[in-house]
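Asker: Sequence first, then the predicted structure, then my questions.
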Amino acid sequence: MKEDKEKNEPKRRDKWDNPIEFFLSCVAMSVGLGNVWRFPYIVYTNGGGAFLIPYFIIMFLVGRPFYFVELVVGQFSQSNGAKVWDAVPIFRGVGYVITIYYFFVSFQTILPWTQCYDQFDLNLKEICVPTANTTEEIEEYLNNVGINSSNYKIIGSAEKYYLNNVLRMKEDLSDGLGPPNTGKKLLQPKVWYTAIGQLFFSLSVATSVIPSMASYNDFNHNIYRDAWILAVIDTITSFIAGFAIFSVLGNLSYQLGKPIDEVVTSGTSLAFITYPTAISKFDVVPQLFSVLFFVMLAVLGLGSLIALMNAISILAFISGIIYTTPGGQQALSVIDSYGAILNAYIFGLFQAIGWGYLYGVGKIKRDIKFMLNINIGCYWYLCWGFVCPLLLFGILIYQIIKWEDVEFNGPLPGYLLWMGRVIPIISMIVFLSFMVNTFLNSKVPKDLIRPLDSWGPKDPEIKKGYIKFIKEYDEYPEEETSDDENDIKV
C-alpha cells in the first residue's frame, strides 16, 4: 500500500536551498566574459557614449521585460525552457531549438586558445621596417591588424584654455579627451540591432536558461524584485569593466604613441593580447594584476558555463574543439554573429510573439496576480504586447536587408561565412518541424495556441487553487485589487 501511494504521488521538483543561491546563480549566468571583452568594444565601435542611449532604451523596453517574463513563466510552470511552451503548443519548437544555440556557443567561455600562439600570425602580411626590429610583438600585431573605426573631435582653443588654465590640467592630459562625433550613429538600425544583441547576450535571455533556473524557486518567490536588481547589476558591471579596460588601453595608447583606435581590438584579442600587454607595463607587480585578471576571466567563464552545461555537454565539447585551432578566433567571430546573436534574435522575436500575442499579456497578468499577488501596470502591457515584438521585427528585417558579413582583421573566407549562415537555417528547420508536427496532431486549430493540461503549477494543491482562481478571475476580471496588504500595483 505504501509503495502504491508513493507511485501515485507527484514527483517533487528540487528547490534552491535559499533565495540567495538562485540570485547568485543568475548573477553568474548574466555577468560573464561578454561584460569584460564584448561590451567595451561594442560601445567603442558603435558611437562611444552615444551608443549608451539606444542601449538604455533597449534595456528599458526589451531587456527587463524579456528577463521578467522568462522568470515568470519558469517559476510559474516549474518547468524547463522547453516545457514552458506547453502554454503555446505551436511554439514548442522554440524551446528545443535552443539546443542548437548551445551546440554552437556553449564553449565560447572556455579559454583553451590562450596557449595557442600560432594565431598571432594571422593576417600579418607585411614585414616591419628595419628600424622597428626592437619593437615587441604586440606593437607589430597592432601595426598590421589594428582596427581603425572612428575619428576624434579636435579640442578647440577655448576648451584648451579651460582645461589647461582654469582647471589647471597639464597639456598632455588633453590626449584622448573629446568624444568622437558619432551622434549620427543613433540613426543607424545596425546600432540598435547591436544593442539588442548585446543585451540578449549579456542577460542570457532568449536562451531558455532563465526559465529553467527560475523553475527551481518557491512558487511565490519575489522574482519581480530579482528582475530589477539583476538587470541593474549586469549593466553596472558592464560599465565598470568598460571604464577599467579603456583606462588601461588609453595608457597603452600613450606609451606606444598610437591613436586609441589602433590599440583597441575586437573579441578575444582585447582580453588575451591587448589588455595583458598593457598590464605588463605596470610599474608595480604586474604579475599580480595579470594573475588577478586571468583568474577573473576563468571565474566569469565558469560561472556562465555551469548553467549552459545543464543543457548539453559532449556536443558542446566537440563543437568547442575548433576554437583551439590557429583559426579559432575567425570561427568564433562567425559563430558569435550567426549562431549566437542572430539565432537568439530570431527566436527572441518568436518568444515575444508567443508570450505577448498567442498566450497573451492578459494571461501573464493573471498568472502574476495568482503567483505574486501583484497587478502589473501599463508599462508591462506596452512592452510585452507592443514594443518588444514590433521593435524586434522591424530592426531584424532592416538588418537582414542591409546585412554586412562579419569580418575579423579583414574579410573572412566564403566557406566559413556559409557555415555560419547554415546555423540559423538549421534552427528554423527544427522550429518549423515542431510546428508542423503540432499542427498535424491537433484536432482543432484552437488547440495550436491553447495551453496544455500540463501547463501551470506542478504542486497539486497550488494547481487546484489556480484552477479556482481562473474561474473567479474570468468571471470578475475588473476586480484587480483585494484587501490583502501585500497586494500592490507595479
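Answerer: Yep, it's here.

Asker: Could I get the full set of helices for the stretch 351-490 of the chain?
Answerer: Ranges of helices in the stretch 351-490 of the chain, per DSSP state H, counting those that start in this stretch, are 361-372, 378-382, 388-401, 414-440, 460-475.

Asker: and among those, the most buried is which?
Answerer: Ranked by average neighbour count under the criterion mean count of other CB atoms under 10 Å, the helices of the stretch 351-490 of the chain are headed by helix 361-372 at a mean of 19. C-beta here means a position set from N, CA and C on the backbone, and glycine is covered the same way.

Asker: Now that helix - C-alpha only, PDB.
Answerer: Only the C-alpha atoms of helix 361-372 are listed here, as PDB (Å, rounded to 0.1, in the frame of the first residue of the first chain):
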ATOM      1  CA  VAL A 361      -0.500  39.600 -21.900                       C
ATOM      2  CA  GLY A 362      -3.800  39.200 -20.100                       C
ATOM      3  CA  LYS A 363      -3.000  35.700 -19.100                       C
ATOM      4  CA  ILE A 364       0.500  36.600 -18.000                       C
ATOM      5  CA  LYS A 365      -1.000  39.400 -15.800                       C
ATOM      6  CA  ARG A 366      -3.500  36.800 -14.400                       C
ATOM      7  CA  ASP A 367      -0.700  34.300 -13.600                       C
ATOM      8  CA  ILE A 368       1.500  37.000 -11.900                       C
ATOM      9  CA  LYS A 369      -1.500  38.100  -9.900                       C
ATOM     10  CA  PHE A 370      -2.000  34.500  -8.700                       C
ATOM     11  CA  MET A 371       1.600  33.800  -8.100                       C
ATOM     12  CA  LEU A 372       2.900  37.100  -6.600                       C
END
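
Asker: That helix to helix 460-475, inter-axis angle?
Answerer: 130 degrees (axes from the mean of the first three to the mean of the last three CA atoms, to 10 degrees).

Asker: which residues sit against helix 361-372?
Answerer: 69, 72-73, 75-76, 219-220, 222-224, 355, 374-376, 380-381, 384-385, 465-466, 469-470, 473, 480 (CB atoms under 8 Å, 6 or more residues apart in numbering).

Asker: picking up where we left off before, ok, which of the helices of the stretch 351-490 of the chain comes nearest Val43?
Answerer: Between Val43 and the helices of the stretch 351-490 of the chain, the shortest gap by CB to CB is with helix 388-401, which sits at 18.3 Å.

Asker: Could you report the neighbour count for Glu404?
Answerer: Residues within reach of Glu404, counting by other CB atoms under 10 Å, total 8.

Asker: Tell me the spacing between the closest residue to it other than its chain neighbours and Asp474.
Answerer: Leaving out its chain neighbours, the residue that sits closest to Glu404 by CB to CB, 6 or more residues apart in numbering is Lys190, at 7.7 Å. Distance of Lys190 to Asp474, computed by CB to CB, to the nearest Å: 45 Å.

Asker: same thing with Pro19?
Answerer: 32 Å.

Asker: same check, this time on Val436
Answerer: Following CB to CB, the distance that separates Val436 from Asp474 is 32 Å.

Asker: did I read that right, Ala206 in a helix?
Answerer: No. Applying DSSP: H, G, I helix; E, B strand; the rest coil, one finds Ala206 to be coil, outside a helix.

Asker: Now it. Its backbone dihedrals?
Answerer: phi 60, psi 30 (degrees, to the nearest 10).

Asker: Gly34: how many residues sit nearby?
Answerer: Gly34, neighbours per other CB under 10 Å, totals 24.

Asker: Please disregard the earlier target; I meant Val191.
Answerer: Counted with other CB under 10 Å, residues neighbouring Val191 total 22.

Asker: residues touching it, list them.
Answerer: Residues near Val191 by CB under 8 Å, 6+ apart: 46-47, 51, 54, 185.

Asker: which of those tops the neighbour count?
Answerer: Most neighbours among the contacts of Val191, by other CB under 10 Å: Asn46, with 25 neighbours.

Asker: Please verify my assumption that that residue contacts Thr194.
Answerer: Yes. Taking contacts as CB atoms under 8 Å, Asn46 lies within contact range of Thr194: 5.5 Å.

Asker: So which bits of the longest helix seen in the chain are buried?
Answerer: Assignment by DSSP state H gives helix 223-256 as the longest helix of the chain. Neighbour counts over helix 223-256 (16 or more other CB atoms under 10 Å) mark 223-224, 226-227, 230-231, 234-235, 237-238, 241-242, 245-246, 248-250, 252-253, 256 as buried.

Asker: If I look at Gly156, what pLDDT would I see?
Answerer: Looking at Gly156, its pLDDT stands at 41.

Asker: Kindly report the same for the one 4 residues further on.
Answerer: Lys160 carries a pLDDT value of 42.

Asker: and the residue nearest to Asn46 when sequence neighbours are not counted, how far is that from Lys185?
Answerer: By the measure of CB to CB, 6+ apart, the closest residue to Asn46 outside its immediate chain neighbours is Val191, 4.9 Å from it. Using CB to CB, Val191 is found at 5 Å from Lys185.

Asker: joint contacts of those two?
Answerer: Between them, Val191 and Lys185 share the contacting residues 46-47, 51, judged by CB under 8 Å, 6+ apart.

Asker: Okay, and which of those map to helices?
Answerer: Using DSSP H, none of those sit in helices.

Asker: Distance to Asp459 and pLDDT for those residues - can I get that in JSON lines?
Answerer: Below are the shared contacts of Val191 and Lys185 laid out as JSON lines (distance: CB to CB, whole Å; pLDDT from 0 to 100):
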{"residue": "Asn46", "distance to Asp459": "46", "pLDDT": "81"}
{"residue": "Gly47", "distance to Asp459": "49", "pLDDT": "76"}
{"residue": "Phe51", "distance to Asp459": "45", "pLDDT": "84"}
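
Asker: Tell me the one of the residues you listed nearest Phe393?
Answerer: Asn46 (21.2 Å).
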